[in-house]
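Chemist: okay, structure incoming, though there's no sequence with it:
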């Protein structure tokens, strides 16, 4: 999708080029010159990179290695001891054909849906004794049990360093004037009341997956729903509207006043995909209702994949297609140890990612004693989000893991890649989050009796990984706006590499940064957006990056005008040919020195590297220092970076809160905003919305009790309360 203007009316292509030229001028003009410093490295360092043993992964079909079928008979283990009706799906080793459907129908089955993305057929509820015969059908490689759909469900936006505050004045929003314009978020939930003042005019397209075949009385009376994107679902539950507000609300109330309750991407747009009803989603005593939610979830995600490039009627070309899927719910696996990411509802998210749609999904609300992660959150390629408790302060230093947030790792899927099991990926605040209020019957409003959310505000608070996820979704939208060439896996790598580390490494033998509670850390909106933009401005291709190469600056020490950078590097499989750094925007590269290592390093085994920069020999002004690894084919790792003041000033900006980086971004932001003002005059459009913290209003919102996940419906336990 093309980059859109940051203001209400999009500027022309010439304005976008002008903005890019300004960025390039600001950043690249001072980034020339030679560091030319005699490093004086001692004998512990070598000019040769350590030898590494590359791993050649054997390609094994998922059904031959999944741990959800331990006896390899093509049937999920949890099905083999059941003696009751159960929801069943069949996964094939190939495309599902008309002949396959005809065969199943001849056997007396009513096909509920064909999920093309994962070569699967949904049969609905059948007798569990049928599984043995079904497993013998030609092409069927797994008989799978339906899971249950569970909803996991102010200060949040400034805490993730999206919106500026007194505590963190330089964040993603004042780094650039971008707010997510031109990015379509598919909120897959209970529907969204986009009549809400903070969500007004965001609707681009919608789909009601609940009504694609089902027994909901509303669906029967309406005679079905349109599938072309023209249907606009409503939310009678609250969950979907709350989640979309946390991703993209403008913060406006019914009086047009700014409240301060913005989402992290307040200019992003909505693709409204309804997969849950007013009742929410599971667990239910009514198994028929539960299995229909599962089918709705699968159908809704398939619809997104099918329409990822659709030219929606009546909207600007920049709003065609679908960019992000936001999922604030999970699906139980029924298997001991949770999902290994190879069930069809996890695999379909992998397919969405490979199709170019970035997936942000909740880790779950099962707490530290969870028996593995649920499906969806276990997807190998998705961005799985855990929740922190921000203690109702913007300050990140007092944040801790939320008591309810599901912990990692995920169950092993047998592919000999331990990084797949490292879930969650990142965390964000999810506790006591203020919600945009939907039109719900419990609040005296009913969408089907002429009511809507147009007079509603931001009332009540909710907790859950449901609410952490859309905050990250919004950051992803900002990243995509500043770099329209970036792909989902690079987005995930940037979020991981720029996150603020929280807690010790849980598997240091595989990754020195990942923690089973926080993942790679607390999401850092500023650094994530900046990294995405820097890659775009310098023309560094992201499509052929080798993300198995890991290169990270870990420490910066200064003596006079000389900065010594020490880092860690390792590989997840591919051999690393060299590590190199640049002080001129990637125009020239210099190789680092390496830790002297005896023998050959195994995969995941890390080593140190070091390089020295004399800032006195850099041009006056602000200079970017970037370092990367390169494989034998010339593909680059994700960059690690720092900013310094040249000309003898020694202000290293190795951390997001340091003064040097703050000054650098402040000057850049001033120039960008000045350019934005010039564009506004030229285009004669309205001034962009101004966003500010409404600290007083935040304090007046009723608080939830402790940090219980108010919006979450957890298996085997009733929630203490529900949001409304």
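Modeler: Thanks, I have the structure now. As the structure is a prediction and not an experimental result, all values here were calculated from the model.
Chemist: pretty sure residue 238 is touching residue 439, no?
Modeler: No - using Cβ atoms under 8 Å as the test, residue 238 is too far from residue 439 to be in contact (9.1 Å). Placement of C-beta: from N, CA and C, glycine included.
Chemist: between the two, which has more neighbouring residues?
Modeler: Comparing residue 238 with residue 439 by neighbour count (other Cβ atoms under 10 Å), the higher total belongs to residue 238, at 28 against 25.
Chemist: state the pLDDT value of the spatially closest residue to that one that is not a sequence neighbour.
Modeler: If the residues on either side of it in the chain are set aside, residue 238 comes closest to residue 438, at 4.6 Å by Cβ to Cβ, 6 or more residues apart in numbering. Residue-level confidence at residue 438 comes out at 89, pLDDT.
Chemist: which SS class is residue 438?
Modeler: The three-state label for residue 438, taken from DSSP: H, G, I helix; E, B strand; the rest coil, comes out as coil.
Chemist: and it, how far from residue 350?
Modeler: Residue 438 sits 31 Å away from residue 350, taking Cβ to Cβ, to the nearest Å as the criterion.
Chemist: so which of the two has more stuff around it?
Modeler: Taking residue 438 and residue 350 together and counting by other Cβ under 10 Å, residue 438 has the greater number of neighbours (31 against 19).
Chemist: my read is that that one contacts residue 198, right?
Modeler: No - the pair residue 438 and residue 198 does not pass the contact test of Cβ under 8 Å, sitting 11.4 Å apart.
Chemist: end-to-end on stretch 320-338?
Modeler: Using Cα to Cα, to the nearest Å, the span of stretch 320-338 from its first residue to its last is 37 Å.
Chemist: and it, how far out from the chain's middle?
Modeler: Put simply, stretch 320-338 sits 12 Å off its chain's centre (Cα atoms, centre = their mean, to the nearest Å).
Chemist: identify each buried residue in that stretch, please.
Modeler: 320-335, 338 (16 or more other Cβ atoms under 10 Å).
Chemist: can you check stretch 254-272 too?
Modeler: Buried positions in stretch 254-272, judged by neighbour count with 16+ other Cβ under 10 Å: 258-272.
Chemist: now do the end-to-end distance for it.
Modeler: By Cα to Cα, the extent of stretch 254-272 from end to end equals 22 Å.
Chemist: again, but for stretch 100-120
Modeler: Stretch 100-120 has an end-to-end distance of 11 Å (Cα to Cα).
Chemist: pull the residues that contact stretch 593-605.
Modeler: By Cβ atoms under 8 Å, 6 or more residues apart in numbering, the list of residues contacting stretch 593-605 from outside reads 39, 41, 43-55, 418, 509-511, 570-573, 579, 607-611.
Chemist: out of the buried residues of stretch 320-338, list just those in helices.
Modeler: With helices identified by DSSP state H, none of the entries of the buried residues of stretch 320-338 belong to them.
Chemist: how far off centre is stretch 494-506?
Modeler: Taking the mean C-alpha point of stretch 494-506 and that of its whole chain, the gap between them comes to 14 Å (Cα atoms, centre = their mean).
Chemist: what mean pLDDT does that stretch have?
Modeler: Rounded to a whole number, the mean pLDDT of stretch 494-506 is 97.
Chemist: in it, which residues are buried?
Modeler: Those would be 494-500, 502-503, 506, for stretch 494-506 by 16+ other Cβ under 10 Å.
Chemist: as a markdown table, those residues with distance to residue 629 would be great.
Modeler: As requested, these are exported to a markdown table (distance: Cβ to Cβ, whole Å):
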| residue | distance to residue 629 |
| --- | --- |
| 494 | 15 |
| 495 | 19 |
| 496 | 15 |
| 497 | 12 |
| 498 | 17 |
| 499 | 19 |
| 500 | 22 |
| 502 | 25 |
| 503 | 25 |
| 506 | 24 |
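Chemist: pretty sure residue 206 contacts residue 274?
Modeler: Yes - using Cβ under 8 Å as the test, residue 206 is close enough to residue 274 to be in contact (7.4 Å).
Chemist: between these two, point out the one with more neighbours.
Modeler: Comparing residue 206 with residue 274 by other Cβ under 10 Å, the one with more neighbours is residue 274, at 27 against 24.
Chemist: follow-up on the earlier one: make a PyMOL selection of the buried ones in the contacts of stretch 593-605.
Modeler: Paste this into PyMOL to select the buried members of the contacts of stretch 593-605, with burial taken from 16+ other Cβ under 10 Å:
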select buried, resi 39+41+49+50+52+55+418+510+511+570+571+572+573+579+607+608+609+610+611
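Chemist: I'd like to know which helix or strand in this protein has the lowest mean pLDDT.
Modeler: helix 695-699 (a mean of 31; mean pLDDT, DSSP states H and E).
Chemist: how about the contacts made by residue 383?
Modeler: Contacts of residue 383 (Cβ under 8 Å, 6+ apart): 358-361, 425-426, 472, 476, 488, 491-492, 495.
Chemist: could you say which helix or strand contains residue 301?
Modeler: According to DSSP states H and E, residue 301 maps onto helix 287-306.
Chemist: that should have said residue 577, apologies.
Modeler: Mapping residue 577 onto the secondary structure by DSSP H and E places it in strand 576-582.
Chemist: okay, now the domains of the chain?
Modeler: With automatic domain parsing serving as the domain definition, the record reports that the chain contains domains spanning 31-57+543-655, 65-145, 149-524.
Chemist: looking at those domains, which is closest to residue 531?
Modeler: domain 149-524 (5.0 Å; Cβ to Cβ).
Chemist: next one: the closest one to chain centre, how far?
Modeler: On the basis of Cα atoms, centre = their mean, the separation between the geometric centre of domain 149-524 and that of its chain is 8 Å.
Chemist: against residue 323, how distant is the nearest residue in space to residue 499 that is not next to it in sequence?
Modeler: Sequence neighbours aside, residue 521 is the residue nearest to residue 499 in space, at 3.2 Å (criterion: Cβ to Cβ, 6+ apart). Remark: distance between residue 521 and residue 323 (Cβ to Cβ) = 24 Å.
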